[in-house]
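Engineer: sequence plus predicted model, see below.
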2 protein chains.
Amino acid sequence: MYTFGRPDRHPKSRVITVAYFALIPWERVCAESAEGVPHIAWRHVDALPYLYLDHAEIIDQARQRLVSKLQYSTIGFEFMPEQFTLGELQCVYETILGEPLDKRNFRKKVLAFGCVEDTGEQRRNGSHRPARLYRYTAPGEVLYIK
Amino acid sequence: MYTFGRPDRHPKSRVITVAYFALIPWERVCAESAEGVPHIAWRHVDALPYLYLDHAEIIDQARQRLVSKLQYSTIGFEFMPEQFTLGELQCVYETILGEPLDKRNFRKKVLAFGCVEDTGEQRRNGSHRPARLYRYTAPGEVLYIK
DNA sequence: TCAAAAGTGTTAACAATACACCCATGT
DNA sequence: ACATGGGTGTATTGTTAACACTTTTGA
């Protein structure tokens, strides 16, 4: 994601942090303590505890990076299971961007881009019309939402 | 610019390279040998000697990064001296992007963006009309060329 | 029959592109 | 007078954004 190397970012010595971020399906998320790291846990990004030094800045930059990646890549699809509805996909985009998107324009762009294919299947989800299920396929070009 | 950390990128051990790039005025460019680095020199990016391991890839990525930075930042102005003509600026953009740009559209965008101001001065340069000199001023928003 | 999400096209505003001529100068 | 780069405006095209109603289902 970014390498933090400002000479004065650590008070004692020169510390360089290479930060990465990964998208992990919720089912596979588990927080295991490792040697030398006694208490680790997953936290909601809006409810983080005190963070050492510039670590809050690192988190912040990762969020921003995710937002911009959403605009010039198909990273949003990485949040989807194998089959998904366009409503679910739109929900991911809206959550990350932090603003509502127009349903018609969103579907238009995604479908026109041609990185999804209709599986022919549907999902019944509640007391309303069932949604079509789509599958992610390799992108041809770059997808811009917004 | 980017941190290269693939575990197998060096045959002997785990080597991590944090690559940076900088824009330096030609007058201040000098290649000094340092301890342990006997022969260093500046090379034209299109005429590089053999490069160790993935170093060619690193150079390549830096070039690409420069191209994309040109599109969402005002980095192009960093190549300019304190006063410059729009023709010179366009030349920088054309060189980096590797394609000619329309003179009128280019000037329109740069001027509309409002990150330059007319110094009132001119430069006589050859047997043709003198060019206005501009000065770079802080950008308001993001400048997109192309 | 009602509530709730799914699905669908058109129009207007704006941004990007293509394009050709006159200007000021030095030789 | 001519060669050279400087300077300017408009028309077209393409892209993006705004907007409202019908459909299908379960309760």
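Structural biologist: All right, it came through fine.
Engineer: by residue count, which strand of chain A is the longest?
Structural biologist: Under DSSP state E, the strand in chain A containing the largest number of residues is strand A:116-123.
Engineer: identify the residues contacting the residue in chain A positioned nearest to chain B.
Structural biologist: Nearest to chain B, among the residues of chain A, is A:Thr3, at 4.6 Å (Cβ to the nearest Cβ). (Glycine included, C-beta is placed from N, CA and C.) Shown in contact with A:Thr3 (Cβ atoms under 8 Å, 6 or more residues apart in numbering or on different chains): A:Ile16, A:Thr17, A:Val18, A:Ala19, B:Thr3, B:Val18.
Engineer: related to what we said a few turns ago, buried set for the longest strand of chain A?
Structural biologist: In terms of neighbour count (16 or more other Cβ atoms under 10 Å in any protein chain shown), strand A:116-123 has its buried residues at A:Val116.
Engineer: got the residues of chain A near chain B?
Structural biologist: Counting by Cβ under 8 Å from any Cβ of the partner chain, the residues of chain A lying close to chain B are A:Thr3, A:Gly5, A:Ile16, A:Val18.
Engineer: and the residues you listed, which of them are buried?
Structural biologist: Burial by neighbour count, judged by 16+ other Cβ under 10 Å, picks out A:Thr3 from the residues of chain A next to chain B.
Engineer: tell me the two of the residues of chain A next to chain B that are most distant?
Structural biologist: Greatest spatial distance in these: A:Gly5 and A:Val18, 8.9 Å, computed using Cβ to Cβ.
Engineer: quick check: neighbours shared by these two?
Structural biologist: Applying Cβ under 8 Å, 6+ apart, one finds that A:Gly5 and A:Val18 are jointly contacted by B:Val18.
Engineer: give the next helix or strand downstream of the longest strand of chain A.
Structural biologist: Scanning the chain past strand A:116-123 towards its C-terminal end, the next helix or strand to appear is strand A:131-136 (assignment: DSSP states H and E).
Engineer: now do that next one against strand A:116-123, angle only.
Structural biologist: Between the direction of strand A:131-136 and that of strand A:116-123, the angle (axes from the mean of the first three to the mean of the last three Cα atoms, to 10 degrees) works out to 140 degrees.
Engineer: could you export strand A:131-136 as CSV, CA atoms only?
Structural biologist: Listed next in CSV are the C-alpha coordinates belonging to strand A:131-136 (Å, rounded to 0.1, in the frame of the first residue of the first chain):
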residue,chain,number,x,y,z
ALA,A,131,-32.6,-10.6,-8.0
ARG,A,132,-30.5,-12.0,-10.8
LEU,A,133,-27.2,-13.5,-9.8
TYR,A,134,-24.1,-12.5,-11.7
ARG,A,135,-20.6,-13.9,-11.8
TYR,A,136,-17.4,-11.9,-12.1
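Engineer: so for that strand, what's the average pLDDT?
Structural biologist: For strand A:131-136, the mean pLDDT works out to 97.
Engineer: for DNA strand D, tell me whether that strand is touching it.
Structural biologist: No: where contact is defined by Cβ under 7 Å from any atom of the strand, no part of strand A:131-136 touches DNA strand D; the two come within 10.1 Å at best.
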